[in-house]
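Trainee: Here is a sequence together with a model predicted from it:
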Amino acid sequence: MRATPRAPLRPRQDAHSVDIFKRSWEVYQTVVAHDSVHHKQLFGAIRDYLEGRPGDKLSILDLGCGDAGCLASIIAGTPSLRDRITSYTGIDASAPALALCRTNMAAALGGGGGGAAGAAEIDLREGGMLEGLAAAAERGERFDVVLASLSLHHLSEAEKARAVEAVGRVLAPGGAFVICDIFLLPGWSRDEFMRQYHADVYEVNGGWQGQDKAGKDLLWAHISNYDFPVELSHYQAAAAAARAAPGGAFISAEGRVLTEVFVYKVAAWEAPPAAAAEAAAAAS
Ligand SMILES: C[S@@+](CC[C@H](N)C(=O)[O-])C[C@H]1O[C@@H](n2cnc3c(N)ncnc32)[C@H](O)[C@@H]1O
């Protein structure tokens, strides 16, 4: 069995963790196509959550949207969801990914969405998600749902907490932050995570399907340098500090060896209505 290379302790800051998406977006698309990290189950859970939200209008901010291929696919396949979407805003540091995102989202919304309001607006912004959140807050923008799917693990621990806090400033009253990501199981170190992940990419059942050695090596280099999952409690503590009410939608996608190490979850936090938040702030 090959030795797992020792992993760095925090994400590299030099390339905004998007090198793989600049160089080789198709490698990630193969991960999705072969469901190597359970996108089908995860986005099924996201669809159920979004569809079940009350209200007839939905504005979405997607942090680290990538090509938004999976989100576009659930929107296209769920007319009752698609027709409520008034706007879709995506932020990503990768320009090639955003170009694909525009095509995917335009096709999914089909020039429609927004119900009686007419065509949903598609607004794509190139740049870092923390910077994008700060700019949105400064402009006074508000969204019903902020989604971060498989993107927050690229941030350092401090940045993850800052993201949760910053999202609180752009959520509309009753809005929710939906995090879909990889998490460490309680007590697991990143080294454990890396060991199991390495086996999953290269060894278990022949490793990730549809990838040749060069593709796996590219993915592994990316994972080693940029994938920094934390325990779910890290986000829960940040959400509590940001006065968000835990939404309670925790959906595991369990599969193969990764089940033993960490689970993917969709976690939704509802922002408290503005009045309640002010009362809580005044009382503290
Ligand atoms: C694994 S992909 C996930 C894409 C998509 N959300 C999905 O669920 O398929 C991670 C995305 O996050 C973006 N990303 C990573 N770090 C970022 C940062 N600091 N700011 C903005 N985007 C970032 C990458 O460019 C990439 O498109």
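Mentor: Ah, there it is. Quantities reported herein were computed from a predicted structural model and do not represent experimental measurements. Numbers count the residues shown, from 1 in each chain.
Trainee: Let me see the ranges of the helices in the stretch 101-250 of the chain.
Mentor: Along the stretch 101-250 of the chain, counting by DSSP state H, counting those that start in this stretch, helices occupy 129-138, 157-168, 190-202, 213-226, 232-241.
Trainee: on contacts alone, who are the packing partners of the third one?
Mentor: In other words, helix 190-202. Using 3 or more C-beta pairs under 8 Å, 6 or more residues apart in numbering; DSSP states H and E, the elements in contact with helix 190-202 are helix 213-226. To be clear about C-beta, it is placed using only N, CA and C from the backbone, and glycine gets the same treatment.
Trainee: re the thing from before, can you tell me which of the helices of the stretch 101-250 of the chain is nearest to C180?
Mentor: Comparison of the helices of the stretch 101-250 of the chain against C180 by C-beta to C-beta identifies helix 232-241 as nearest, at 11.6 Å.
Trainee: Mind checking the pLDDT average for that closest one?
Mentor: What helix 232-241 shows for mean pLDDT is 88.
Trainee: and it, what does it pack onto?
Mentor: Looks like helix 232-241 contacts helix 157-168, strand 245-246, strand 264-270 (3+ C-beta pairs under 8 Å, 6+ apart).
Trainee: mind running it again at 6 Å?
Mentor: Where contact means 3 or more C-beta pairs under 6 Å, 6 or more residues apart in numbering; DSSP states H and E, helix 232-241 is packed against helix 157-168.
Trainee: Which among the helices of the stretch 101-250 of the chain is found nearest to the ligand?
Mentor: helix 129-138 (3.9 Å; C-beta to the nearest ligand atom).
Trainee: ok, the closest residue in space to A271 that isn't next to it in sequence - how many residues close by?
Mentor: Once flanking residues are discounted, A271 sits nearest to L171: 4.2 Å by C-beta to C-beta, 6 or more residues apart in numbering. Residues near L171, counting by other C-beta atoms under 10 Å, number 22.
Trainee: quick one: buried residues of stretch 87-101?
Mentor: The neighbour-count check on stretch 87-101 (16 or more other C-beta atoms under 10 Å) flags 87-94, 96-98, 100-101 as buried.
Trainee: Does the residue nearest to A271 touch W269 like I think?
Mentor: No: assessed by C-beta atoms under 6 Å, L171 is found out of contact with W269, at 9.0 Å.
Trainee: residues shared between the contacts of these two?
Mentor: Counting by C-beta atoms under 6 Å, 6 or more residues apart in numbering, L171 and W269 have no shared contacts at all.
Trainee: Tell me where the model's unsure across the protein.
Mentor: 1-24, 111-118, 254-264, 274-284 (pLDDT under 70).
Trainee: That one: strands as residue ranges?
Mentor: For the chain, the strands defined by DSSP state E cover 58-63, 85-92, 121-126, 143-149, 171-182, 245-246, 264-270.
Trainee: can you put those in CSV and add distance to D212?
Mentor: Shown next, in CSV, are the strands of the chain (distance: least, C-beta to C-beta, whole Å):
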stretch, distance to D212
strand 58-63, 30
strand 85-92, 26
strand 121-126, 30
strand 143-149, 26
strand 171-182, 24
strand 245-246, 43
strand 264-270, 25
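Trainee: Look up how far the ligand lies from R82.
Mentor: R82 sits 18 Å away from the ligand, going by C-beta to the nearest ligand atom, to the nearest Å.
Trainee: what about M194, neighbour count?
Mentor: For M194, using other C-beta under 10 Å, the count is 19.
Trainee: no no, Q41
Mentor: 17.
Trainee: Could I get the contacting residues of it?
Mentor: Q41 touches A253, counting by C-beta under 6 Å, 6+ apart.
Trainee: Ok, the one 5 residues further on next?
Mentor: Applying C-beta under 6 Å, 6+ apart, we find I46 in contact with C180.
Trainee: list the buried ones in stretch 163-182?
Mentor: Buried, per 16+ other C-beta under 10 Å, within stretch 163-182: 163-172, 175-182.
Trainee: Excluding chain neighbours, what is closest to S151?
Mentor: G64 (2.5 Å).
Trainee: And for G66?
Mentor: Nearest residue to G66, sequence neighbours excluded (C-beta to C-beta, 6+ apart): A97, at 4.7 Å.
Trainee: Just confirm N104 contacts I74, I think it does.
Mentor: No: at 11.4 Å, N104 does not count as touching I74 under the criterion of C-beta under 6 Å.
Trainee: what about F228, distance to the ligand?
Mentor: Relative to the ligand, F228 is positioned 11 Å away (C-beta to the nearest ligand atom).
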